[in-house]
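> structure, please.
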Amino acid sequence: MSSITLKSVEKWYGTAQVIKGVDLEINEGEFVIFVGPSGCGKSTLLRMIAGLEETSRGQIMIGDRDATAEPPNKRGLAMVFQSYALYPHMSVRDNVGFPLKSAGLSKSEVAAKVDEAARVLKLDAYLDRRPKDLSGGQRQRVAIGRSIVRDPTAFLFDEPLSNLDAALRVEMRYEIAKLHQQLKSTMIYVTHDQVEAMTLADRIVVLEFGKIAQVGTPRELYENPANLFVAQFIGSPRMNVVPATTITGRDLPTGAISIGMRPEHIDLVSPGTGQLDGVVDLLEYLGADTFVILNCGDAGQITVRVNGNTAYKVGDQVGLSIPEDNLHGFDQDGLRIT
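Alright, predicted model coming up:
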């Protein structure tokens, strides 16, 4: 287990710069997740840490060792991909133990490590099965088990749950969270799914066009986004953003051009009694919650999270009351005004 430090890391493909001077320190035993839209560089950055992509400029430190020029097999890292990459003709036992067998460990050493990984991942009952006899979640656990037996410095996960259905994703999120608690290993995880990021990470790294937009705990990013990009990327439904000129009856941050508000921080009241008025355009019923989507004229479309048993109907005219403490101001460059 070790810390991982990136110092002014860049990645160029010819004249195209994909990673633009990233500085980041990942602490020993920390669970860090890279998120961002497609093409932001999150998988490229992970592959650079793994040594699967060459670092054009900058430095990658693993512990106190400069690993920038080291090949992947010298870095002591284990990578888990979204494709399970299991050998179909081998049993689970042989798939998990394959890296150890290739490294020349004795049969007894391999067996002991495989049994321990199977215990941690609850694979004991499946050791003699072939991959075709397993569910998607079980196959992913086998792929993780193959990494565990190597006792790596850190685990790197590249969208490991993207091939699973919704129910299995929830199950595997739990499994990975418990695994981190048990192993206390450094983990770096790439996902486009912010629910995975919010529920699993100690800290989240939000990437935008090859740069870090913000680093922080899930709560820090949600409650104190550094800019409009982070504000609207973190949170589902995303933060509502309206022109500051459309908000009345509230003291707004000096210099604010845009005002952001989370859907759950808006109360629906009688028309004319709030800071905005709108008309109900659509209701999205989700059981415990309903998302009320409103047409608010010059302020645009606004989403409000209310109780699932709401009596509002499409076409109803409503007022929107927004507590001052829950307003986020952004300047003309999209930076948050504190």
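> and the host helix or strand of Glu109, how far out from the chain middle?
Under the criterion of DSSP states H and E, Glu109 resides in helix 107-120. Relative to its chain's centre, helix 107-120 lies at 31 Å (Cα atoms, centre = their mean, to the nearest Å).
> can you pull the buried residues of that helix?
Under the neighbour-count criterion of 16 or more other Cβ atoms under 10 Å, helix 107-120 has 110, 113-115, 117-118, 120 buried. (Each C-beta comes from the backbone N, C-alpha and C, glycine too.)
> ok, stretch 297-308 next?
Neighbour count says stretch 297-308 has 299, 302-306 buried, by 16+ other Cβ under 10 Å.
> ok, stretch 183-202 next?
Buried-residue list, stretch 183-202, by 16+ other Cβ under 10 Å: 183, 185-194, 196-198, 200-201.
> name the helices or strands packed onto the helix holding Glu109?
In terms of contacts (3 or more Cβ pairs under 8 Å, 6 or more residues apart in numbering; DSSP states H and E), helix 107-120 is packed against helix 92-102, helix 136-148, helix 166-183.
> neighbouring strands - and their directions - for the helix or strand following the second one?
This means helix 136-148. Next helix or strand after helix 136-148 toward the C-terminus (DSSP H and E): strand 154-158. Take DSSP bridges as the rule and strand 154-158 pairs in its sheet with strand 77-80 (parallel), strand 186-190 (parallel).
> now do the SS call for Arg219.
helix (DSSP: H, G, I helix; E, B strand; the rest coil).
> how much space between it and Arg336?
Between Arg219 and Arg336 the computed distance is 16 Å (Cβ to Cβ, to the nearest Å).
> could you confirm Val279 falls within a strand?
Yes. Under three-state DSSP, Val279 sits within a strand.
> the residue nearest to it when sequence neighbours are not counted: what's it in contact with?
Leaving aside its chain neighbours, Val279 sits nearest to Asn295 (5.0 Å; criterion: Cβ to Cβ, 6 or more residues apart in numbering). Asn295 makes contacts with 278-279, 281, 301, as judged by Cβ atoms under 8 Å, 6 or more residues apart in numbering.
> again, but for Lys211
20-22.
> what's the answer for Tyr87, then?
Here Tyr87 is in contact with 94-95, 98, 131 (criterion: Cβ under 8 Å, 6+ apart).
> can you tell me which of these is nearest Asp151?
Phe98 (15.1 Å; Cβ to Cβ).
> ok so, going back, angle of the helix holding Glu109 against helix 166-183?
Calculated by axes from the mean of the first three to the mean of the last three Cα atoms, to 10 degrees, helix 107-120 forms an angle of 120 degrees with helix 166-183.
> quick one: helix 107-120 to helix 136-148, angle?
140 degrees.
> ok, now how distant is Ala103 from Arg150?
Distance from Ala103 to Arg150, by Cβ to Cβ: 8 Å.
> those two: which is more packed in?
Arg150 (16 against 11; other Cβ atoms under 10 Å).
> does that one touch Val80 like I think?
No. Assessed by Cβ atoms under 8 Å, Arg150 is found out of contact with Val80, at 11.4 Å.
> just give me the residue right at the centre of this structure.
By Cα atoms, centre = their mean, the mean C-alpha position of the chain lies nearest to Ala197, the distance being 2.9 Å.
> quick check, that residue in a helix?
Yes. Under three-state DSSP, Ala197 sits within a helix.
> out of Arg219 and Arg336, which sits in the busier spot?
Neighbour count, other Cβ under 10 Å: between Arg219 and Arg336, Arg336 has more, with 20 against 9.
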